[in-house]
Structures are given as C-alpha cells and as structure tokens.
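> This is the structure alone, sequence omitted:
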C-alpha cells in the first residue's frame, strides 16, 4: 500500500467513525477563532471555551480588543496559562487587523502568517474552518497519529508533516481529516495512556501494530 493509498483508507475509515468533524473551539466570527486558537496553546479547548465569553463580552469587536490594555486582557485569560505572551499576541494581532486589514481577517495563508502570534497551525485552521479553503492543521494529535499510522516517518516538525500530508491527502479532505485526528487522538490513540489499539478502526492498517507498508 502506498502512502497515498493509506491516506485514502484512513480518511474513509475516520469519516465512518466520526461523521461530524469540526473545530471544538466555540466561535461565531473569524477574529474570535484567532483569539481562541492562540489561547488554546498548551491549554484545553474546553477551558478556552469557558474563558473567552468574558473576554468577548468586555471587548466585543476587533477595534475594542485592539484598544484594550494588555494587562486587562492578561487578567482575563490568565486561567489559560502563558497569559503574558498570549495577551501580548492577541493585542498585537487585533491592532494589526484594525489598522492594516480594516477590521477583517485576511483569507490567505500568507497574510494570516503576518499577524502576531499566528503560526501555520492557526492560519490553516482559519483557512479551513472559516473560509472553507484547503488546509492541513498539524497539531500534536495530527503529528502523533501520522507517525504511528505510517503516513510520515519519524517526523516531528509540524511544517514538514504538513508538507508531507499535502502530497498524499486530497486538498478538500485535509481540514476535516485533521479534526478527526484530534477526536481519534483524544478518544483512542492517546499520548498519555496506552493507545486502545484493540478498538481502533485503523488497527489492521497501522504501522504501530507491525503492518508493513
């Protein structure tokens, strides 16, 4: 089985296992997702979803958040951890959206990557979930599963995993596949506990289980 054939099989099986793929961060606007995904670094999506309503109630627009004192942002987002750097990035990002992009989130990867605190993972999430464009979000779940399954070989660098997946995953499938990797990584192929291989829908095609590819 080639890596492209393996990718297709993984996609179809995870579609069957998790038909409803989607972002687990709550948002109703692109700029709010930008804020939430920055807060989600080394923090659970569930905790972020609890914290951001207070932030958005106090600062209900890009302009309002751009004008906010960084320390005030920091106080609200402190439960998410790394509050100083996250507040600084959120402030800088909102100011740039306000002054450079006329209070609109850009819809290209190149422009998104110019925003403070926005890396490839965040930019791809926005591209796929907000704008419906081809995207591959290489978070820790994606990287772990791709190595275990055999879609990549001993590769931990997010950008290299992303580039490898672009070669074997159909563009229209990338975003949903990565969301399904997150669900599968949390429920079955865990990093913190022993993977539940016996109940895994990928068991018979997974490199971790000794399947030759």
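Structure's in. What do you need? Computed from a prediction, not measured in an experiment: that's the story for all the values here. Residues are numbered from 1 along each chain as shown.

> I'd like to know which elements the helix or strand containing residue 55 is packed against.
According to DSSP states H and E, residue 55 maps onto helix 45-58. Here helix 45-58 touches helix 30-39, helix 70-77, going by 3 or more CB pairs under 8 Å, 6 or more residues apart in numbering; DSSP states H and E. In this view, the C-beta of every residue, glycine as well, is placed from N, C-alpha and C.

> how about it: buried residues?
Under the neighbour-count criterion of 16 or more other CB atoms under 10 Å, helix 45-58 has 45, 48-49, 51-52, 55-56 buried.

> Likewise for stretch 17-35?
For stretch 17-35, by 16+ other CB under 10 Å, it's 18, 21, 23, 25, 27, 30-35.

> what's the lowest-pLDDT member of these?
Across these, no position has a lower pLDDT than residue 21, which has 84.

> That residue contacts residue 174, doesn't it?
No. Counting by CB atoms under 8 Å, residue 21 stays clear of residue 174, with 11.2 Å between them.

> and which of the buried residues of stretch 17-35 is nearest to residue 82?
residue 35 (14.0 Å; CB to CB).

> Name the nearest residue to the closest one, sequence neighbours excluded.
Of all residues not flanking residue 35 in the chain, residue 90 sits nearest, at 5.5 Å (CB to CB, 6 or more residues apart in numbering).

> who touches the one you found in this structure?
35, 38-39, 65, 73, 77, 117 (CB atoms under 8 Å, 6 or more residues apart in numbering).

> Confirm for me that residue 36 is in contact with residue 53.
No. At 10.7 Å, residue 36 does not count as touching residue 53 under the criterion of CB under 8 Å.

> how much distance is there from the lengthiest helix in the chain to the middle of the chain?
Ranked by number of residues, the top helix in the chain under DSSP state H is helix 83-99. Using CA atoms, centre = their mean, to the nearest Å, the mean C-alpha position of helix 83-99 is found 19 Å from that of the whole chain.

> Quick check: next helix or strand after it?
Taking DSSP H and E, what comes next after helix 83-99 is helix 109-112.

> which residues sit in contact with residue 70?
87-88, 91.

> from the residues you listed, which is closest to residue 60?
Comparing the contacts of residue 70 against residue 60 with CB to CB places residue 91 closest, at 15.8 Å.

> which residues sit in contact with that closest one?
With CB under 8 Å, 6+ apart, residue 91 has these contacts: 65-66, 68, 70, 73.
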